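[1] okay, sequence plus prediction incoming.
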Amino acid sequence: MSRLARGRGRRGKFNPRAGFEPEPAGPNVSGALLKQARKSGQLNLSNRGLEKVPDTVWRINLDVPEEAKNVTFDGEDRWWEQVDLTKLILASNKLSELSPDLNQLPALVVLDVHDNDLTSLPKEIGDLQHLQKLNASHNKLQSLPSELCHLNNLLYLHVDYNKLGELPNDLSTLAHIEDLDVSHNELPTLPPSIGYVSRLTKFNASNNQLANLPPEIGDLHNIRVLDLSNNQLEHLPSDVGRLGKLEQLYIKYNKLREFPNLKQCEQLKELHAGFNLITSLSADHLKLLPGLVLLDLRDNKLTSIPEEITHMQHLQRLELSNNDLSSLPFSLGLMSSLKSVNLDGNPLRTIRRDVIQRGTSELLKYLRTRIEEPKSGDVAPLTPDPEPAVPGSTIDTFTVHKTKSINYSNKNASSVPDDILETGRDMFVSDLNLSKNVLTTFPAGLVQLAATLTDLNLSFNKLAVLGAEIGQLSRLTTLDLRNNQLTALPTEVGNLQHLREVALSCNRFQQFPPVLYSLLKLENVFANDNHIAAIDVDGLLKLPQIATLDLQNNDIMQVPPQLGNVTSLRSLQLGGNPFRVPRPAILAKSTADLLEYLRGRIPT
C-alpha cells in the first residue's frame, strides 16, 4: 500500500509542527536507515543494544519523512512511492517491553523480537491483522495475551525458551498456523483447543512439564513433525495413533512404560523414543510401522526384540543401546536396508563382542549365518513333491536377490553345487557363506563370482591348503578361514588388495603369514589358537591401518617392546601365550596402556 493510498483512509494523530521540526532518529537508529526502510518495507534493528524501541520506528509510516520536506520531482528520492513497513526485526537487544504503538504498523507481516528481556506482549499485537510470522523466543514471557488469537493470518509462532505456564484457550482461531513452537517453557498441560489448529504441520512442545496430553491432539490431521521430548509423560493417548500424516515423532526423555500404539501412522519415518522406561515391544506394534526408517529405543528396559521387526522393510537405523537385551532375532540379518545398529551397553550373550565391534555389516552377516533352515518334517507340505529335490536346488532366489548373499552353510557338502555358483554369478552376489561343511579343497568355481564377491566365509571346513584361485577374488574385503587345517597362505593372497579383515583362528599356522604384510588396507587380523611362535614388528609396521590383532593362545615366547610402536592398533590380544612379560595384570589393561608399557621398555 502506498503512502497516498493509505492517506485516503486511516490517519494518525495530527502534528501541527510536522514538516517544520527536525525528525529525531532515536538511539542507534539513523535517519538513513529509516529512509531505506520506507523504500524497502523492511527494518532490521537487531543486535543494537536497544532498551527501548524509538518512537520514530512505530511512526515510520505516519510522520512526514525528512526527504519530503524539500519537495522536488526530479531527484532520486521518490518519497511519494514509499511503502508500508512489512518486516521488523528487533532481535538480540535489551528490550523489556514493546509499546502499544506497535499497532501503528498494521501492514506488518513479520515481527521478530527474539532474544530480548520481554516479560509480556502488548494486547495491541492483536491489531496486526496481516502478521504471518511472530518470533518471540528466548525472552521472559510468563503469559500470552488472548488478543494473540485474533491473528487470523498467522502462519508461524515461536515462543520457545520463555517462562510460559499456560497457553491461551482460544487457539482454535489461529486457523492458518502451520509452525508452532512452545518448547522450553513451564507448561503443565496443553489446552484442548490445540486440536483445532487444523493446518498445523510442525508442533514442538518439548522441554515442558507435560504429564498428559488432551485427546484432541489426535485431531491434528496435517501434523508431520511432533516433538514431545523432555516432559513427564507416562503414556500417550491412543488418539496420537490417528495422526495419519505424521512423519517424525519425538517422545524421548519421558516416563513412558509402553510402546505407543500408532495404528494409523502409516507415513511415520522416524520414531525417537529413547530414554524412557519401555519394557517390551509387541509384534502388533511393529507391523503397524512398515515405512519406518529410523527407530530409536536407546536407554529403555527392553529385554527382547520380536521377529516381526523384519516387517520394517525400510528401516535404516536401529538404536538399541543401554537396554537389557541378551539376544537378537537372527532374522534381523535379512534386513538389507539396515545401515546402522547400535547395541552398546546390552548384556548380549549369544553374540560375541568382537562381532559387535566390527560394525553393522559384520553383525548382520553373522546373524544370517545363524539362521537355520527348517528340517524336513518340521512342517508338513500341503502337496507332495513329485520329484526328490536336487542337492543345492532349494536355494531361495528371492532372498538372494534381496540380500545379495548366499548362505550354503551346514550342508555337509564336500563341493559347491553348480547352481549355487551360477545363481551367485547371475544375481551379483557379494556375500557367500560356505561354513560348517566338509570342504577339503578350495572351490575353484568361486572365480565365477570374482566380479562382485566381497565377503567369503570358509570357516569350519577341512581345508589343508588354500588354492591359488583365491588370488582371483580381488574384490574380497573379508575372508573367514577359521577352524580349518591350514599351515600357510599362498602368495596369491597378495592380490587381495581390498582385504580389510581376515580370520585365521584355530588353524595350524606356525608363523604369521608373511603375505599379509603386503595388504595395505588390512585392518583386522584374528590369528588366535594357532602355533605362531614370534611377532614380526617390522612386518606389522607395513600395515598402516591395522587396528585389531588377536594372537591369543599361540606359542609366543617373547613380546618385542617395539610392538608398542604399532600405534594404529586399537585392540591387541596376547593372552594365553607362554611369555612371562608383560604380566597378566598388564595384559588386562587397555590396548593403549599396553602399547605405552611396551614403548617404555624399548632400549634407549
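    Noted; the coordinates are in hand. Numbering: from 1, shown residues only.

[2] next SSE after the helix or strand of the chain with the lowest mean pLDDT?
    Lowest by mean pLDDT, DSSP states H and E among the helices and strands of the chain is helix 3-7, with a mean of 38. Moving toward the C-terminus from helix 3-7, the first helix or strand encountered (DSSP states H and E) is helix 31-40.

[3] so how far is that next one from its chain's centroid?
    Centre-to-centre, helix 31-40 and its host chain are 45 Å apart (Cα atoms, centre = their mean, to the nearest Å).

[4] what lines up beside the helix or strand following that helix in the sheet?
    Using DSSP H and E, the helix or strand that follows helix 31-40 in sequence is strand 42-44. Sheet pairing for strand 42-44, assigned by DSSP bridges, gives strand 87-89 (parallel).

[5] what mean pLDDT does the partner strand have?
    Strand 87-89 shows a mean pLDDT of 95.

[6] any buried residues in that strand, and which?
    Under the neighbour-count criterion of 16 or more other Cβ atoms under 10 Å, strand 87-89 has Lys87, Leu88, Ile89 buried. For glycine as for every other residue, the C-beta is placed from the backbone atoms N, C-alpha and C.

[7] tally of neighbours for the residue lying closest to Leu421 once chain neighbours are set aside?
    The spatially closest residue to Leu421, leaving aside those adjacent along the chain, is Gly445, at 4.7 Å (Cβ to Cβ, 6 or more residues apart in numbering). Neighbourhood size, Gly445 [other Cβ atoms under 10 Å]: 17.

[8] for Val438, same thing?
    Neighbour number of Val438 under other Cβ under 10 Å is 12.

[9] keeping just the C-alphas, turn stretch 140-152 into PDB.
    Below are the C-alpha coordinates for stretch 140-152, written out as PDB (Å, rounded to 0.1, in the frame of the first residue of the first chain):
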ATOM      1  CA  LYS A 140      11.000 -14.000  29.800                       C
ATOM      2  CA  LEU A 141       7.300 -14.200  28.800                       C
ATOM      3  CA  GLN A 142       5.100 -15.600  31.500                       C
ATOM      4  CA  SER A 143       1.900 -15.500  29.500                       C
ATOM      5  CA  LEU A 144       0.500 -14.600  26.100                       C
ATOM      6  CA  PRO A 145      -2.300 -12.100  25.600                       C
ATOM      7  CA  SER A 146      -5.600 -13.600  24.500                       C
ATOM      8  CA  GLU A 147      -5.600 -11.000  21.700                       C
ATOM      9  CA  LEU A 148      -2.800 -13.000  20.100                       C
ATOM     10  CA  CYS A 149      -5.500 -15.400  18.900                       C
ATOM     11  CA  HIS A 150      -7.000 -12.600  16.800                       C
ATOM     12  CA  LEU A 151      -4.200 -13.000  14.300                       C
ATOM     13  CA  ASN A 152      -6.100 -15.000  11.800                       C
END
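
[10] which one of the buried residues of strand 87-89 sits closest to Gly31?
    Leu88 (17.2 Å; Cβ to Cβ).

[11] how much space between the closest one and Leu121?
    14 Å (Cβ to Cβ, to the nearest Å).

[12] and what of His498?
    His498 is 63 Å from Leu121, by Cβ to Cβ.

[13] of the two, which one has the most company?
    Leu121 (23 against 15).

[14] quick check, the residue nearest to Leu421 in contact with Asp418.
    Yes - if you go by Cβ atoms under 8 Å, Gly445 and Asp418 touch, sitting 7.2 Å apart.

[15] wait, is the residue nearest to Leu421 part of a helix?
    Yes - assignment of Gly445 by DSSP: H, G, I helix; E, B strand; the rest coil places it within a helix.

[16] who's in contact with it?
    Val416, Asp418, Leu421 (Cβ atoms under 8 Å, 6 or more residues apart in numbering).

[17] tell me how far the residue nearest to Leu187 when sequence neighbours are not counted lies from Asn135.
    Leaving aside its chain neighbours, Leu187 sits nearest to Asn208 (4.2 Å; criterion: Cβ to Cβ, 6+ apart). Counting by Cβ to Cβ, the gap from Asn208 to Asn135 is 19 Å.

[18] neighbour count: those two, which is higher?
    Asn208 (24 against 20).

[19] quick one: secondary structure of that one?
    coil.

[20] start the count at 33, not 1, going forward
    I'll keep to 33 as the first residue from here, and by that count the last item is Asn240.

[21] isn't it right up against Val214?
    Yes - at 7.3 Å, Asn240 and Val214 qualify as touching, with contact defined as Cβ under 8 Å.

[22] so where's the protein shaky on pLDDT?
    Applying pLDDT under 70 to the chain flags the ranges 33-60, 95-113, 404-426.

[23] show me where it has its helices.
    Secondary structure of the chain (DSSP state H): helices at 35-39, 63-72, 87-90, 315-319, 385-389, 392-401, 429-435, 450-458, 569-572, 616-619, 623-631.

[24] got the ones you listed as TSV, with mean neighbour count columns?
    Formatted as TSV, the helices of the chain follow (neighbours: other Cβ atoms under 10 Å):
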stretch	mean neighbour count
helix 35-39	13
helix 63-72	16
helix 87-90	19
helix 315-319	15
helix 385-389	14
helix 392-401	20
helix 429-435	15
helix 450-458	17
helix 569-572	15
helix 616-619	12
helix 623-631	16
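
[25] for Pro593, which of those helices is the nearest?
    When the helices of the chain are compared by Cβ to Cβ, helix 623-631 sits nearest Pro593, at 4.8 Å.

[26] which secondary structure elements does the closest one sit against?
    strand 603-605, helix 616-619 (3 or more Cβ pairs under 8 Å, 6 or more residues apart in numbering; DSSP states H and E).

[27] the first one pairs with which strands, parallel or anti?
    Paired strands of strand 603-605, with direction, are strand 580-582 (parallel) (DSSP bridges).

[28] give me the contact list for the partner strand.
    386, 389, 537, 555-560, 572, 598, 601-605.

[29] and what of stretch 247-255?
    222, 224-235, 258, 269-278.

[30] switch the cut-off to 6 Å
    The set of residues external to stretch 247-255 that reach it, using Cβ atoms under 6 Å, 6 or more residues apart in numbering, is Pro224, Gly227, Arg231, Leu232, Thr233, Pro269, Asp271, Arg274, Leu275, Lys277, Leu278.

[31] and these, which of them are buried?
    Gly227, Leu232, Thr233, Pro269, Asp271, Arg274, Leu275, Leu278.

[32] where exactly do the strands run in the stretch 333-482 of the chain?
    For the stretch 333-482 of the chain, the strands defined by DSSP state E, counting those that start in this stretch cover 349-351, 372-374, 437-439, 463-465.

[33] how about those strands in TSV, adding distance to Asn515?
    Formatted as TSV, the strands of the stretch 333-482 of the chain follow (distance: least, Cβ to Cβ, whole Å):
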stretch	distance to Asn515
strand 349-351	30
strand 372-374	26
strand 437-439	17
strand 463-465	14
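
[34] put together TSV for these, with mean neighbour count on each row.
    Formatted as TSV, those follow (neighbours: other Cβ under 10 Å):
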stretch	mean neighbour count
strand 349-351	20
strand 372-374	17
strand 437-439	24
strand 463-465	24
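
[35] and those: which comes nearest Val497?
    strand 463-465 (19.5 Å).

[36] chain center to that closest one, what's the gap?
    For strand 463-465, the distance to the chain centre is 29 Å (Cα atoms, centre = their mean).

[37] can you check stretch 466-477 too?
    40 Å.

[38] before we move on, the earlier item: isn't the residue nearest to Leu219 right up against Pro220?
    No - using Cβ atoms under 6 Å, Asn240 is not in contact with Pro220, being 7.6 Å away.

[39] in stretch 324-333, what's buried?
    Residues Leu324, Val325, Leu326, Leu327, Asp328, Leu329, Arg330, Asp331, Asn332 are the ones in stretch 324-333 that count as buried (16+ other Cβ under 10 Å).

[40] next, the contact list for the first one, please.
    When you say that, I think you mean Leu324. Met344, Leu347.
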